[in-house]
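Trainee: Predicted model and sequence below, questions to follow.
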Amino acid sequence: MCAPTYFAVDYAINPWMDPTAPVDTDLAMTQWSALVRTHRELGHQVDLIDPVPGLPDMVFAANGGTVIDGVALAAQFRYPERAAEAPAYLDWFARNGFDTREAKAVNEGEGDLLLAGRYLLAGTGFRTELAAHAQAQEEFGRPVIGLQLVDPRFYHLDTALCVLGGPAGIAYLPEAFSPGSQRVLRRLFPDAIVAELADAEVLGLNAVSDGVNVVLPVQAKGFAAQLSLVGYRPVGVDLSELRKAGGGPKCCTLVVRP
Ligand code: ARG
C-alpha cells in the first residue's frame, strides 16, 4: 500500500474525477490509515511503498503491477499523468526479491488483472490492452479470460467485479460488461453474487476479500447484505475522499503473492 501523502485530484482521467471539487488530503490520510489498520486487524501483512511527490494517484497501489507466484509484471499506464508510478513500483518489487518483468503493453496491474482461482480475469476497454492479456498469460502461465468493460464509470475491472474466493467465487455488475462477457461470467461463475448498480455506484465492488472477510466501502449496504446472506463477513470502511479520484479499498491494496 502507498500512503496518500501527495493525494489530490489535479487531472481527470476517469468520470469520478473533478479537478474543480475540493479534496481533503488529511481526511484521505485518516481514511486510508483506517484501511491499513483493518487489513492488519484481519491478520494480513501490510507492506508500504514510499509515496512520490507529484504522483497524486500513487495511493492506488493495485495499479502498480501484478504479482503472482513471486513474478511481478510491471504496470504500464494508459495516461502520462501516472506513467512514473510504474518504475517506482517495479523498483519496490525488485528490492523485495520478486522476479520482475517489464510490461510490453498498457496494463494497469490488478486494476484490470484479477486472479480468480484457476483463471486470471482480465479487463479491457478503457485501460489495459489486449496485448497485455497475452503477455500476462505468458508470464504467469494461467489461463486468461478477457472481459470487455463497457461503462466508463467502471473503467477498471476491479470497479465492476470483485474476486471473493469462497462459495460465490466472484461478485460483479453485469451491465458493466459486454453481452458476450456477461455470458462468459455466468458460465464460469454460476454461483456469483450479482451486484446492484446502486452499490457499484459507491464503488462497492472495489472490495478486498480473503475468502471470508470482505473489506468494502461502508456505503455499499446492499452488497454487504448480499455477502452476509451467503456466509461472508462484510467489513465496511469509509474511503469517501479517495472515491473522488475513482478509487476504493481494492484500488488502495495490491495483493502480493510470493
Ligand atoms: N484516478 C485513478 C485512475 O483513474 C484511480 C485508480 C483506481 N484504481 C483501481 N484499481 N481501480 O487511474
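Mentor: Nice, thanks for sending it over.
Trainee: measure the residue lying closest to residue 164 once chain neighbours are set aside to residue 15 for me?
Mentor: Nearest non-adjacent residue to residue 164, counting by CB to CB, 6 or more residues apart in numbering: residue 209, 4.5 Å away. From N, CA and C alone the C-beta is placed, and that goes for glycine too. According to CB to CB, to the nearest Å, residue 209 and residue 15 sit 26 Å apart.
Trainee: Neighbour count: the two, which is higher?
Mentor: When residue 209 and residue 15 are compared for neighbours, residue 209 comes out ahead with 23 against 12, by other CB atoms under 10 Å.
Trainee: re earlier: give me the pLDDT for the residue nearest to residue 164.
Mentor: You'll see residue 209 listed with a pLDDT of 98.
Trainee: where does the residue in the stretch 151-258 of the chain that the ligand sits nearest to land in three-state SS?
Mentor: Closest approach between the stretch 151-258 of the chain and the ligand, counting by CB to the nearest ligand atom: residue 251, at 3.2 Å. Recorded secondary structure, residue 251: coil (DSSP: H, G, I helix; E, B strand; the rest coil).
Trainee: tell me which element residue 115 is part of?
Mentor: strand 113-116 (DSSP states H and E).
Trainee: cool, residue 34 as well?
Mentor: Going by DSSP H and E, residue 34 is in helix 25-41.
Trainee: Count the neighbours of the residue of the stretch 151-258 of the chain closest to the ligand for me.
Mentor: A total of 26 residues lie near residue 251 under the criterion other CB under 10 Å.
Trainee: helices and strands around the helix holding residue 34, which ones?
Mentor: Where contact means 3 or more CB pairs under 8 Å, 6 or more residues apart in numbering; DSSP states H and E, helix 25-41 is packed against strand 213-217, strand 233-237, helix 240-243.
Trainee: just the ones you listed: most buried one?
Mentor: A comparison of those by mean neighbour count, using mean count of other CB atoms under 10 Å, puts strand 213-217 on top with a mean of 25.
Trainee: That one pairs with which strands?
Mentor: Here strand 213-217 has these sheet partners by DSSP bridges: strand 208-209 (antiparallel), strand 233-237 (parallel).
Trainee: Turn those into a markdown table, including distance to residue 20.
Mentor: Converted to a markdown table, the strands paired with strand 213-217 look like this (distance: least, CB to CB, whole Å):
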| stretch | distance to residue 20 |
| --- | --- |
| strand 208-209 | 31 |
| strand 233-237 | 27 |
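Trainee: Output the ones you listed as a markdown table; include the columns distance to the ligand.
Mentor: Listed next are the strands paired with strand 213-217 as a markdown table, based on distance: least, CB to the nearest ligand atom, whole Å:
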| stretch | distance to the ligand |
| --- | --- |
| strand 208-209 | 11 |
| strand 233-237 | 15 |
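Trainee: who's in contact with residue 158?
Mentor: With contact taken as CB atoms under 8 Å, 6 or more residues apart in numbering, residue 158 is in contact with 62, 110, 111, 112, 114, 123, 205, 206, 250, 251.
Trainee: Read off the pLDDT value for the nearest residue to it once chain neighbours are set aside.
Mentor: Excluding its sequence neighbours, the residue lying closest to residue 158 (CB to CB, 6+ apart) is residue 250, at 4.8 Å. The per-residue pLDDT reported for residue 250 equals 98.
Trainee: my guess is residue 8 meets residue 24, correct?
Mentor: No. Shown here, residue 8 and residue 24 do not form a contact pair, counting by CB atoms under 8 Å, at 10.4 Å.
Trainee: What parts of the stretch 101-250 of the chain come near the ligand?
Mentor: Within reach of the ligand by CB under 6 Å from any ligand atom, the stretch 101-250 of the chain has these residues: 111, 156, 158, 159, 245, 246, 247.
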